[in-house]
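A.B. asks: Got a predicted structure here, sequence first:
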Amino acid sequence: MTTKSISFRVDEALKNEADIVLEEIGLSMTAALTLYLKQIVNKREIPFKLEAIDPFYSIENQMILEQRIREYKNRKVTKHDLIEAD
């Protein structure tokens, strides 16, 4: 099997922390990245869940917003005055 080099830039602190963890596990960076790439090929996907950081777009928040819109349309909302914060 022929091998090919991959070169990329990463934050120095992140690389150093990853080196420490991988050493504790007993893997080299090359072995860890090879495992990662093999999982991508085998599963045909990124091998972990990717999520939006903005909680506004979370499923839970979208369900709450949809419920409140239904309540508003059905006039099941309570009108109140805004409370000013200091």
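C.D. replies: In hand now; what should we look at? Numbers count the residues shown, from 1 in each chain.
A.B. asks: Please enumerate the helices of this protein.
C.D. replies: For the chain, the helices defined by DSSP state H cover 12-25, 29-43, 59-73.
A.B. asks: From the rest of the structure, what touches the shortest one?
C.D. replies: With C-beta atoms under 8 Å, 6 or more residues apart in numbering as the test, helix 12-25 has contacts from 28-29, 31-32. Bear in mind the C-beta positions are built from the backbone N, C-alpha and C, glycine included.
A.B. asks: 7 Å - rerun?
C.D. replies: With contact meaning C-beta atoms under 7 Å, 6 or more residues apart in numbering, helix 12-25 is reached by 28-29, 32.
A.B. asks: most surrounded residue in those?
C.D. replies: Counting neighbours by other C-beta atoms under 10 Å, A32 comes out on top of these with 15 neighbours.
A.B. asks: Apart from its chain neighbours, what residue comes closest to that one?
C.D. replies: Take A32 and drop its neighbours on the chain: the residue closest to it by C-beta to C-beta, 6 or more residues apart in numbering is L22, 5.3 Å away.
A.B. asks: what about the one you found, distance to T30?
C.D. replies: 10 Å (C-beta to C-beta, to the nearest Å).
A.B. asks: shared neighbours of the two, anything?
C.D. replies: With C-beta under 7 Å, 6+ apart, L22 and T30 have no common neighbours.
A.B. asks: okay, these two: which has more neighbours?
C.D. replies: L22 (16 against 11).
A.B. asks: so where is this protein shaky, pLDDT-wise?
C.D. replies: Scanning the chain with the threshold set as pLDDT under 70 gives 52, 86.
A.B. asks: how much space is there between K76 and R68?
C.D. replies: Applying C-beta to C-beta, the value for K76 to R68 is 10 Å.
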